[in-house]
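Student: sequence isn't available, so here's the structure alone:
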């Protein structure tokens, strides 16, 4: 089914993250990151934020990080970001 959705998104030129519910992250310098299509916050401390997604865990490391805004599917984090890691 995912393969059909992927082909469908390419055929209609629709971003795959919109069709497949995969995470999309946009980084602005090393001070702001916006993550769309996340499922839950697993850990939240100023040095480490872990997000559950449909494809695994996104870990954002840094210092003085704070969640600036959040909706049911979108999260924006401000602070000094030093690393972003993906895991299963």
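Tutor: Yes, it's here. Source: prediction; values computed, not measured. Numbering: from 1, shown residues only.
Student: how about the strands in this structure?
Tutor: All strands of the chain, identified by DSSP state E, fall at 24-28, 32-36, 38-45, 48-53, 56-70, 74-87.
Student: residue 25 contacts residue 33, doesn't it?
Tutor: Yes - distance between residue 25 and residue 33: 6.1 Å, which falls inside the contact criterion (Cβ atoms under 8 Å). Every residue, glycine included, has its C-beta placed from N, CA and C.
Student: which neighbours do the two have in common?
Tutor: residue 84 (Cβ atoms under 8 Å, 6 or more residues apart in numbering).
Student: neighbour count winner among the two?
Tutor: residue 33 (22 against 18; other Cβ atoms under 10 Å).
Student: how close does the more buried one get to residue 79?
Tutor: Here the criterion is Cβ to Cβ, to the nearest Å. By it, residue 33 lies 9 Å from residue 79.
Student: so for these two, which residues contact both of them?
Tutor: Any residue near both residue 33 and residue 79 by Cβ under 8 Å, 6+ apart counts here, and not one turns up.
Student: distance check, the closest residue to residue 84 other than its chain neighbours against residue 74.
Tutor: With Cβ to Cβ, 6 or more residues apart in numbering as the criterion, residue 84 has its nearest non-adjacent residue at 5.5 Å, and that residue is residue 60. Using Cβ to Cβ, we find residue 60 at a distance of 15 Å from residue 74.
Student: who's more crowded, the two?
Tutor: Legend: neighbour count by other Cβ under 10 Å for residue 60 and residue 74, higher for residue 60 (22 against 13).
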